[in-house]
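*Asks:* fold the following and give me the result.
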Amino acid sequence: GGGGGRAAFRPHREGLAGDARDGHLEDQPVGADFPSLPDDRIGDRHPVDAQVLPEPSVRKLTSELVGPSARLGIGVGVHRLIDAAVVSLVTHVVVDERFVCRIPEGIGLDVAAPLMCAGVTTFAPLQRWGVGPGSTVAVVGMGGLGHMGVKIAAAMGAQVTVLSRSLDKADDSRELGASDHVSTKDEASMKALRGSFDVILNTVSADLDLGGLLGLLKPFGVLVNVGLPNDDYAFPPSAVIGQSKVVAGSMIGGIQETQEMLDFCAEHGIGATIEVITADEVTEAYDKVVAGDVRYRYVIDTSTIGS
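*Replies:* Here you go, the predicted model:
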C-alpha cells in the first residue's frame, strides 16, 4: 500500500537468507496475507538490510535520509536496533515497505544475501566517484567487502588492482576481474604504482599508512574508506593539497542506491562468492570469520533454523 505500510516476509524453503557476517535477514517472498500490498508485489523476492528501523522515534529521520528517494546510507539508529544482531535466526519479519528492495531475476537468493551489505557498501562509493570504462581502481583488501569491490569495479569497466598483505589470494583476484594483485609488503611494486589510480577503495579495518596510499593516486584522485580501524587516520596535509586529492568515506548506501546495485548485479551476473552453512554452524563460522578463513561470505540456509 501507501508509504509507511508494512510487509511480512517468510522464509523461502528453497532459498537462502541471512549473512553470517552482517546479521541481516535477506530476501523472503512477501506475504500474501497482507492485502494492502499491491498484487504485483505478492511473491516477489525482497531483500531486507540494516536500514530497517521500526522505532518511531527514528523513522522520520531515517525516512528523510535513507528513504526511497534518498541517496545516503547512514548508521544513525542502525546500531540502536539490537535485534539486527539476531534477525538472521528468525522465521518471520515485519518491515516498513519503504525500506524493502527487490531482487531481480537472475540472482540466486544465496549469492544475493551479502549484496545487501558488501554489495551496496562497495557499489555506492564506486558509482559516486565516477568509476567507469577507462578508470583505474585499486581495492585494498581481498575479503568480504574487497571481493565485491573487485567484481563491481571490473563490471563498471575499470582496470582493477588488488592491494593485499600477501599474494595468497592473487589467483582469486584475477578470477574475479582484477588485472593485478600486489603485496603491500613489496616495496618495489608499491613504488611502481605511485600516481596510478583514479580511485582507491579501502575495505580493511586495519591501521594503514594513508599517506602511502594517497601517493598511489593520480592528481584529483580519491581514496574512499569503507573500513573502520581502531585508531584515527593520520596523513600529512601535503599528501592531498599538492595534487588536489580527496579522502572520503562511505557507509552502505541509500535505498535507491541499493536497488540500483541489485539491478546492476543482475545485469552483469554478479553475486557474492559464498559458503553456505546451516544454523547450527554459526558459531564455527564466526570463529573462521575472525580468523579470516572464509571465501568470502557465509550465508545461512534459513530452512535449517529450528530443525
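*Asks:* surely residue 145 and residue 124 touch.
*Replies:* No: Residue 145 is not in contact with residue 124 according to C-beta atoms under 8 Å; the separation is 11.8 Å. Every C-beta, even on glycine, is put in place using the N, C-alpha and C of the backbone.
*Asks:* overlap in contacts, those two.
*Replies:* Common neighbours of residue 145 and residue 124, counting by C-beta atoms under 8 Å, 6 or more residues apart in numbering, are absent.
*Asks:* state the distance from residue 135 to residue 171.
*Replies:* Relative to residue 171, residue 135 is positioned 24 Å away (C-beta to C-beta, to the nearest Å).
*Asks:* what residues of whichever helix in the chain runs longest count as buried?
*Replies:* With secondary structure taken from DSSP state H, the chain has its longest helix at helix 255-268. Buried residues in helix 255-268, defined by neighbour count with 16 or more other C-beta atoms under 10 Å: 255, 256, 257, 258, 259, 260, 261, 262, 264, 265, 266.
*Asks:* setting aside sequence neighbours, what's the nearest residue to the fifth one?
*Replies:* The reference is to residue 259. Setting aside the residues directly before and after it, residue 259 is nearest to residue 101 in space (C-beta to C-beta, 6 or more residues apart in numbering), at 4.7 Å.
*Asks:* ok, the one you found - contacts?
*Replies:* Contact analysis of residue 101 by C-beta under 8 Å, 6+ apart lists 46, 47, 49, 116, 255, 258, 259, 262.
*Asks:* and residue 208, what pLDDT?
*Replies:* Note on residue 208: pLDDT of 91.
*Asks:* secondary structure element for it?
*Replies:* Using DSSP states H and E, residue 208 sits in no helix or strand.
*Asks:* swap in the one 10 residues further on?
*Replies:* Assigned by DSSP H and E, residue 218 belongs to strand 217-225.
*Asks:* who does that strand pair up with?
*Replies:* If you go by DSSP bridges, strand 217-225 pairs up with strand 197-202 (parallel), strand 246-249 (parallel).
*Asks:* can you give me phi and psi for the residue nearest to residue 259?
*Replies:* Per-residue torsions, residue 101: phi -100, psi -170 (degrees, to the nearest 10).
*Asks:* follow-up on the earlier one: where does confidence bottom out across the contacts of residue 101?
*Replies:* residue 49 (68).
*Asks:* show me where the protein has its helices.
*Replies:* Assigned by DSSP H, the helices in the chain fall at 56-66, 109-112, 118-128, 146-155, 170-175, 187-192, 210-214, 238-241, 255-268, 282-290.
*Asks:* could I get these in CSV, plus columns for distance to residue 161?
*Replies:* As requested, these are exported to CSV (distance: least, C-beta to C-beta, whole Å):
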stretch, distance to residue 161
helix 56-66, 32
helix 109-112, 24
helix 118-128, 14
helix 146-155, 9
helix 170-175, 9
helix 187-192, 10
helix 210-214, 12
helix 238-241, 20
helix 255-268, 20
helix 282-290, 25
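*Asks:* worst mean pLDDT among those?
*Replies:* Here the lowest mean pLDDT among the helices of the chain goes to helix 56-66, at a mean of 47.
*Asks:* which residues of this structure score low on pLDDT?
*Replies:* Scanning the chain for pLDDT under 70 picks out the ranges 1-43, 49-93, 307.
*Asks:* quick check: nearest residue in space to the residue nearest in space to the middle of it, chain neighbours excluded?
*Replies:* Central residue of the chain (C-alpha atoms, centre = their mean): residue 118, 1.8 Å from the mean position. Leaving out its chain neighbours, the residue that sits closest to residue 118 by C-beta to C-beta, 6+ apart is residue 148, at 4.3 Å.
*Asks:* for residue 170, which non-adjacent residue is closest in space?
*Replies:* Nearest-residue entry for residue 170: residue 181, 3.9 Å, with adjacent residues in sequence omitted and distances by C-beta to C-beta, 6+ apart.
*Asks:* and that neighbour, what is it in contact with?
*Replies:* Taking C-beta under 8 Å, 6+ apart, we find residue 181 in contact with 142, 161, 162, 164, 167, 169, 170, 173, 174.
*Asks:* which ChimeraX command selects the buried ones in the residues you listed?
*Replies:* Selection of buried members from those for ChimeraX, criterion 16+ other C-beta under 10 Å:
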select :142,161,162,164,169,170,173
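*Asks:* got the contacts of residue 181 as JSON lines, with distance to residue 239 columns?
*Replies:* Formatted as JSON lines, the contacts of residue 181 follow (distance: C-beta to C-beta, whole Å):
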{"residue": "142", "distance to residue 239": "25"}
{"residue": "161", "distance to residue 239": "20"}
{"residue": "162", "distance to residue 239": "22"}
{"residue": "164", "distance to residue 239": "22"}
{"residue": "167", "distance to residue 239": "27"}
{"residue": "169", "distance to residue 239": "28"}
{"residue": "170", "distance to residue 239": "28"}
{"residue": "173", "distance to residue 239": "26"}
{"residue": "174", "distance to residue 239": "30"}
